[in-house]
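Participant: quick one: sequence plus predicted model below, questions after.
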Amino acid sequence: MRPYLLLRADELAAERPAGQVDDVHFTEALAAAVVEDTTCPGDVVLDPFAGYGTTLAVAARLGRRAVGMELLGEHASLVRDRCPDAVVVEGDARRLTNLLAEVLDAPVDLVLTSPPYMTAVGHPENPLTGYATEDGHYPTYLREVSAVFAQVAALLRPGGHAVVNVANLVSTGPAGEVVTPLAWDVGRAVSEHLAFRGETFLCWDRHPPGHAGDYLLWFAKD
């Protein structure tokens, strides 16, 4: 576990798929550092919030077995095109165990992911429906993220790692600027099921807009 990683905002922007405007949460260099530090060729790497497939593309390139879950059909298709050697299941991470039952034939060695973000105020869009519904509720979001990682814990081998990229967020509320300690709240949710091992601070040359601090949170299955 590295205490910090130096990252470049231009590199992040360059890795955004053509025609897409959504954020890519972490770079391929970050994914490679984590995959190489925690796994060996042939190991299973899972991303339950696959997004644009950064984890899967890097894991497959490094000779790992890459498996991902992605809610949005457009993103799932993009990931399949980007990394044809990966197994990509379209579906809701809240049903992770059931949806992966037919494609996982071995315990997972590493989970590397970044859940969809939510601020504690002024955020009616629900991250876990792809921001498609306006039933967002921060305490419910955290409970459901916790439930996803309960399933992650069941899929991990003993000694396996879960590494979560998550930031604390700055937004504007009725009373002015508000900081949502999303990293710490998600960390508590995940640590209900996995042992917290520490954090890596992500040092950006230009900090991503709306971030108060960006982290990799490290967990292990004892």
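Facilitator: Sure thing, it's come through.

Participant: can you tell me the average pLDDT over stretch 1-12?
Facilitator: Per-residue pLDDT over stretch 1-12 has a mean of 90.

Participant: and it, which residues are buried?
Facilitator: Using 16 or more other C-beta atoms under 10 Å as the burial criterion, the residues of stretch 1-12 that qualify are 5, 7, 12. (Each C-beta comes from the backbone N, C-alpha and C, glycine too.)

Participant: just give me the closest of those residues to residue 122.
Facilitator: Distance from residue 122 was checked for each of those by C-beta to C-beta. The minimum falls on residue 12, at 25.1 Å.

Participant: now that closest one: which helix or strand?
Facilitator: For residue 12, the element it lies in under DSSP states H and E is helix 9-14.

Participant: now for the protein, the helix or strand with the poorest mean pLDDT.
Facilitator: Comparing every helix and strand of the chain by mean pLDDT, DSSP states H and E singles out helix 9-14 as the least confident one, with a mean of 87.

Participant: now the element after it, going C-ward?
Facilitator: That would be, after helix 9-14 and using DSSP H and E, helix 28-38.

Participant: rewinding a little: how far away from the center of its chain is the least confident helix or strand of the chain?
Facilitator: The chain centroid and the centroid of helix 9-14 are separated by 18 Å under C-alpha atoms, centre = their mean, to the nearest Å.

Participant: same check, this time on stretch 4-20
Facilitator: 15 Å.

Participant: same question, stretch 33-44
Facilitator: Using C-alpha atoms, centre = their mean, the distance from the centre of stretch 33-44 to the centre of the chain it belongs to is 16 Å.

Participant: wait, residue 208 sits on residue 170?
Facilitator: No - here residue 208 lies out of contact with residue 170, judged by C-beta atoms under 8 Å, at a distance of 10.5 Å.

Participant: next one: stretch 199-208 to chain centre, how far?
Facilitator: Worked out by C-alpha atoms, centre = their mean, stretch 199-208 lies 16 Å from the chain centre.

Participant: what's the answer for stretch 211-222, then?
Facilitator: 10 Å.

Participant: so who does the nearest residue to residue 28 once chain neighbours are set aside touch?
Facilitator: Residue nearest to residue 28 in three dimensions, not counting chain neighbours: residue 58, with 5.3 Å by C-beta to C-beta, 6 or more residues apart in numbering. The contact partners of residue 58, taken as C-beta atoms under 8 Å, 6 or more residues apart in numbering, are 28, 31, 32, 35.

Participant: looking at this, residue 58 is in a helix?
Facilitator: Yes - secondary structure of residue 58 (DSSP: H, G, I helix; E, B strand; the rest coil): part of a helix.

Participant: drop anything exposed from the contacts of residue 58.
Facilitator: Buried members of the contacts of residue 58, scored by 16+ other C-beta under 10 Å, are 28, 31, 35.

Participant: let me see the contact set for the residue nearest the centre of the chain.
Facilitator: Residue closest to the mean C-alpha point of the chain, counted by C-alpha atoms, centre = their mean, is residue 114 at 1.7 Å. By C-beta under 8 Å, 6+ apart, residue 114 lies in contact with 25, 26, 49, 51, 164, 165, 166.

Participant: fine by me, thanks again.
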